[in-house]
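In: build me a model from this:
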Amino acid sequence: MKDEGAFDGIEPGGVTPTEAFSILGNGTRVAILQALWEGEEPMSFSDLREAVGVDKGNFNYHLNELSHFVRRREGGYELRETGNQVIRAVLTGVITDVPELDPVPIGRPCPFCDSPIELRYEDETMMASCESCAGTSGGDLPRGVFMSIDGFPPAGLAGRSLPEVLEVAHLLFEASAATMVQGVCPECAVETDTEILVCEEHAIGPDGLCESCGRVPELLVEFTCPNCETASRPVLWMPAIYHPAAIALFYERWGFDTFRELQRLFFTNPEYVEAISEEVVSTDPLRVRVEFPAETGRLGLTFDEGFDVVEIERPG
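Out: Sure thing, here's the model as predicted:
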């Protein structure tokens, strides 16, 4: 049952997607948005027109057409948040650049088998994979992939070494999963759907992938946005590390100063990752359990089908 104060959706009064793209399909209007982004806002009519370099009549027409993206204040014109979002999309390179990065070794070992790591960027997806082992993914991804990010911003490649790009990609991957595990889409803020995927006939073949599901892990948790279709399918233990009991365990054991250090631990400590266990406790209702090694025993977290913790078994 919907909460009494729940919001039913966006009220009429905006523009349709078709109208928005039509408005932005003009070089002068995009130039106006860029000038407002780069200038000292708010900008007067004359300063803005001079920055864009258009005659007064045409400029006034195009400025009026941008009312959904630009607003007039007492001191002049400034971008609405919708206008800011358009320019940010341009600056990230997501809608303007299509870079390709062939698989290239980056001088770091695989966290699972110590073989060289390769980084590739194709079809707007950043992937880190191992040259030797099956990685952690499989399924729709090539063999060896252990991290994949759809829509990695091309701007994130600029000025960074490949190992630095890998670390940035890893942080973005985990940040997205951390948001989705809380039930919020990191792209549009809509409530996400959660499903635990279980391969009932899991059997790893000679190539390191399951002959039934084509994946490496028996268990995955899938977070999907029903609105913009953003999705994340991490291995079960990865989003489990964000539970307060797990964070407390890791802090007591390693004494992190920042959460970023915790993220690095799981990327650089394959021995610990190998010791994490996952299992199906029951199928009706579905219950899955993740156990993290501790100094005195193991921390056990049992999740239901919606990835909510229903039982905690503390070490010691």
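In: how would you label residue 226: helix, strand or coil?
Out: Using DSSP: H, G, I helix; E, B strand; the rest coil, the three-state assignment for residue 226 comes out as coil.
In: neighbours around it, how many?
Out: Residue 226 has 11 neighbours, counted by other Cβ atoms under 10 Å. Every residue, glycine included, has its C-beta placed from N, CA and C.
In: cool, residue 22 as well?
Out: Neighbour count for residue 22, taken as other Cβ under 10 Å: 12.
In: report pLDDT for it.
Out: Looking at residue 22, its pLDDT is 88.
In: give the contact list for it.
Out: Contacts of residue 22 were listed using Cβ atoms under 8 Å, 6 or more residues apart in numbering, and none were found.
In: point out where the stretch 151-300 of the chain drops to low pLDDT.
Out: The stretch 151-300 of the chain contains residues with pLDDT under 70 at 255-268.
In: if you set the cut-off to 90 instead, what comes out?
Out: 151-182, 187, 200, 206-218, 220, 228, 230-243, 246-276, 293-297 (pLDDT under 90).
In: those helices in it, which residues are they?
Out: Applying DSSP state H, counting those that start in this stretch to the stretch 151-300 of the chain gives helices spanning 162-180, 237-240, 244-254, 259-268, 270-275.
In: and the residue nearest to residue 160 when sequence neighbours are not counted, how far from residue 290?
Out: The shortest distance from residue 160 to any non-neighbouring residue, by Cβ to Cβ, 6 or more residues apart in numbering, is to residue 168 (6.8 Å). Using Cβ to Cβ, to the nearest Å, residue 168 is found at 27 Å from residue 290.
In: which one's more surrounded, these two?
Out: In terms of neighbours (other Cβ under 10 Å), residue 290 is the more surrounded of residue 168 and residue 290; the figures are 25 against 17.
In: for the more buried one, which non-adjacent residue is closest in space?
Out: Closest residue to residue 290 apart from its sequence neighbours, by Cβ to Cβ, 6+ apart: residue 240 at 4.6 Å.
In: how close does that neighbour sit to residue 80?
Out: For residue 240, the distance to residue 80 equals 40 Å [Cβ to Cβ].
In: all strands for the protein, in order.
Out: With DSSP state E as the criterion, the chain has strands at 70-73, 76-79, 101-109, 116-122, 125-130, 145-150, 193-198, 219-224, 231-232, 277-283, 286-294, 297-303, 309-313.
In: deepest-packed of these, please.
Out: Among those, the stretch with the highest mean neighbour count (mean count of other Cβ atoms under 10 Å) is strand 125-130, at a mean of 23.
In: helices and strands around it, which ones?
Out: Under the contact criterion of 3 or more Cβ pairs under 8 Å, 6 or more residues apart in numbering; DSSP states H and E, strand 125-130 touches strand 116-122, strand 145-150, helix 162-180.
In: chain center to the last one, what's the gap?
Out: Between the centre of helix 162-180 and the centre of its chain there are 7 Å (Cα atoms, centre = their mean, to the nearest Å).
In: from now on call the first residue 24
Out: OK, 24 is where the count begins now, so the last one is helix 185-203.
In: contacts only, for residue 331.
Out: Contacts of residue 331 by Cβ under 8 Å, 6+ apart: none found.
In: isn't residue 106 right up against residue 59?
Out: Yes: with contact defined as Cβ atoms under 8 Å, residue 106 reaches residue 59; the gap is 6.9 Å.
In: which of those two has more neighbours?
Out: The residue with more neighbours, out of residue 106 and residue 59, is residue 59; 26 against 21, by other Cβ under 10 Å.
In: leaving out chain neighbours, which residue sits closest to the more buried one?
Out: In space, and not counting its chain neighbours, residue 59 is closest to residue 102: 4.8 Å by Cβ to Cβ, 6+ apart.
In: cool, residue 175 as well?
Out: The shortest distance from residue 175 to any non-neighbouring residue, by Cβ to Cβ, 6+ apart, is to residue 149 (3.7 Å).
In: state the pLDDT value of that neighbour.
Out: Residue 149 is given a pLDDT of 86.
In: kindly report the same for the one 10 residues further on.
Out: pLDDT, the model's per-residue confidence, is 77 for residue 159.
In: quick revisit: tell me which of residue 263 and residue 103 has more neighbours.
Out: residue 263 (25 against 15).
In: I'd say that one and residue 272 touch.
Out: No: assessed by Cβ under 8 Å, residue 263 is found out of contact with residue 272, at 11.2 Å.
In: shared neighbours of residue 106 and residue 59, which are they?
Out: Common neighbours of residue 106 and residue 59, using Cβ under 8 Å, 6+ apart, are residue 93.
In: my guess is residue 167 contacts residue 157, does it?
Out: Yes: the criterion here is Cβ under 8 Å, and residue 167 meets it with residue 157 at 6.3 Å.
In: name the residues linked to the residue nearest to residue 175 by a beta bridge.
Out: Beta-bridge partners of residue 149, counted by DSSP bridges, are residue 144, residue 172.
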